[in-house]
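> whatever this is, show me its structure:
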Amino acid sequence: MSTLETNGIQISYTDSGGDGRPVVLIHGWPLSGASWSEQVPALTEAGYRVITYDRRGFGASDKPDTGYDYDTFTEDLAGLLELLEVTDATIVGFSMGGGEVARYLGTRGSERIHSAVFAGAVPPYLLKTDDNPDGGLTPEDVQGFKDGVSNDRAGFLEEFTTNFFSANDELKVTEAQRQEAIALVEPASTTAMLGCVEAFGNTDFRDDLEKIDVPTLVIHGDSDAVVPFEVSGKRTGETVKDATVHVVADGPHGFNVSHAEELNRVLLDFLQR
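Residues are numbered from 1 along each chain as shown. Okay, the predicted model is just below:
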């Protein structure tokens, strides 16, 4: 991996290089850019310039004590795009990474962006409130995540990764693949994990989605037990103008691993637009 300095921190990233149109892959919580291992080869072989990076606090990137909010994450992404001279890009956000996609397009616009992908992503707004009754998380749920990370991180990750890769209570990946995901979390700081729970659990992206003006793909597992399709993917697809929605049958949250072939096929088809 390489590193660059943006927004006052060092961000670790990979860049396949080449002359193809850029595809920037933004990982989910609490993983790292390496979680895209099933997608990078397929995209690279198809001729795209594939960029992954570790969000602040995760993987090999710096782990500051502050900055775990979507406005800061978006500035980190903007710095990456600018320093790597990325234009005409497709930005792909998985799970909490969909928040960066929404907030970037909602605040910075689409000057550098060709298209967008929300993959099992958290927008439009996870928190259940009076004006968002269709949200999927109560304040108590958010606190439960934080308590699990704080009080028994290893035990929490055992349960979380099982749910992450399960559909209808059946694990859809191998045990080795689940353990690989746990290993990706190892470098993450607890401060970052807690800050991100607060961010993805409480950030309202509804206004951001309304401003998206590029071709958009929403792809989501129908059996996602972490970020349910009805709470997020379905509503995002209804909000973003002319969005294409693809539902992965029997797909868990981590369908980028369990249903990698289907995701890659749908993504490659969308990238031709």
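> show the backbone phi and psi for the closest residue to G17 other than its chain neighbours.
Once flanking residues are discounted, G17 sits nearest to R49: 6.3 Å by CB to CB, 6 or more residues apart in numbering. To be clear about C-beta, it is placed using only N, CA and C from the backbone, and glycine gets the same treatment. Here is the backbone geometry of R49 (degrees, to the nearest 10): phi -80, psi 110.
> with P41 instead?
Dihedral angles (degrees, to the nearest 10) for P41: phi -60, psi -40.
> for E262, same thing?
phi -70, psi -50.
> so who does it touch?
V248, G251, F255 (CB atoms under 8 Å, 6 or more residues apart in numbering).
> hmm, try it at 6 Å
Neighbour list for E262: V248 [criterion: CB atoms under 6 Å, 6 or more residues apart in numbering].
> cool, I11 as well?
L4, Y53, S61.
> which non-adjacent residue is nearest it?
Here the residue nearest I11, using CB to CB, 6+ apart, is S61, at 5.0 Å.
> I'd like the next helix or strand past the helix or strand harbouring T162.
In this assignment (DSSP states H and E), T162 forms part of helix 153-164. Following helix 153-164 in sequence order, the next helix or strand is strand 166-167 (DSSP H and E).
> quick check, distance from that next one to the centre of its chain.
18 Å (CA atoms, centre = their mean, to the nearest Å).
> ok, then the element right after it?
Counting by DSSP H and E, the element that comes right after strand 166-167 along the chain is strand 170-171.
> can you tell me the strand partners of that following strand and which way each runs?
Using DSSP bridges, the strands paired with strand 170-171 are strand 166-167 (antiparallel).
> what sits up against the helix holding T162?
So helix 153-164 is contacted by G148, V149, R178, A181, I182, V185, A225, V226, H253, G254 (CB under 6 Å, 6+ apart).
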